[in-house]
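Visitor: Provide a 3D model corresponding to the input given below.
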Amino acid sequence: MLPLFPPPPARVADLGAGSGRDAAALAVLGHDVVAVEPTPELREIGQRLHADAAITWIDSALPGLPGVHGPFDLVLIVAVWMHLEHGDREAAMTRVRSLLSPTGRVLITLRHGPVPPGRHMFDVPLSETVRLARRAGLDVLTVREQSDLQQRPGVSWSVLLLRARL
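Guide: Have a look, this model is predicted:
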């Protein structure tokens, strides 16, 4: 998907950045990156691992993202969407749309397959995510299906690239 991202120096938000792997990679390419991570332990690991990277770290979370201010040219939501309750996903999509520049893009990954015991996770249908995106003013640029990189049985992923509707 990297060739479909805006060229640097774009303003990028990595929502649910975890330890900052994607944020750091985009910062190295010359992007202005905001890593949004609600879990203090993960945020601290990311700040330590990527101390030299040009990343601004923010303690916030979907659906409301308090303290996160756009506009962004690219918003990443990687391995996060499936943790949102059904009722929160529409509000989250609307909030993400509000953060985009006029030509902004959103990358969302959706995990499909069995939910591990004890995890707060949902199997989110691709069709629901596309419907919410369109309702929020986002057009689908591309959808790709891929196998699970960790080769977990029955797990696959959908990758959506969305664009702000002009």
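
Visitor: can you show me the helices along this structure?
Guide: Counting by DSSP state H, the chain has helices at residues 21-28, 40-49, 86-98, 126-135.

Visitor: in CSV, list those along with mean neighbour count, mean pLDDT and distance to Phe72.
Guide: For glycine as for every other residue, the C-beta is placed from the backbone atoms N, C-alpha and C. Listed next are the helices of the chain as CSV, based on neighbours: other Cβ atoms under 10 Å; pLDDT from 0 to 100; distance: least, Cβ to Cβ, whole Å:
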stretch, mean neighbour count, mean pLDDT, distance to Phe72
helix 21-28, 20, 96, 12
helix 40-49, 14, 97, 18
helix 86-98, 18, 96, 9
helix 126-135, 16, 97, 16
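
Visitor: what angle do the least confident helix or strand in the chain by mean pLDDT and helix 86-98 make?
Guide: The helix or strand of the chain with the poorest confidence is strand 138-147; it has a mean of 94 (mean pLDDT, DSSP states H and E). For strand 138-147 against helix 86-98, the angle by axes from the mean of the first three to the mean of the last three Cα atoms, to 10 degrees is 120 degrees.

Visitor: strand partners of strand 138-147, parallel vs antiparallel please.
Guide: Strand 138-147 has its sheet partners listed here by DSSP bridges as strand 156-164 (antiparallel).

Visitor: just how off-centre is the partner strand within its chain?
Guide: Centroid separation for strand 156-164 versus its chain: 10 Å, with Cα atoms, centre = their mean, to the nearest Å.

Visitor: can you check stretch 44-55 too?
Guide: 18 Å.

Visitor: end to end on it, go ahead and measure it.
Guide: 13 Å (Cα to Cα, to the nearest Å).

Visitor: ok, the nearest residue to Ala17 once chain neighbours are set aside - contacts?
Guide: Excluding the flanking residues, the one nearest Ala17 by Cβ to Cβ, 6 or more residues apart in numbering is Ala35, at 3.7 Å. By Cβ atoms under 8 Å, 6 or more residues apart in numbering, the contact set of Ala35 is 14, 17, 20, 23, 43, 46, 55-58.
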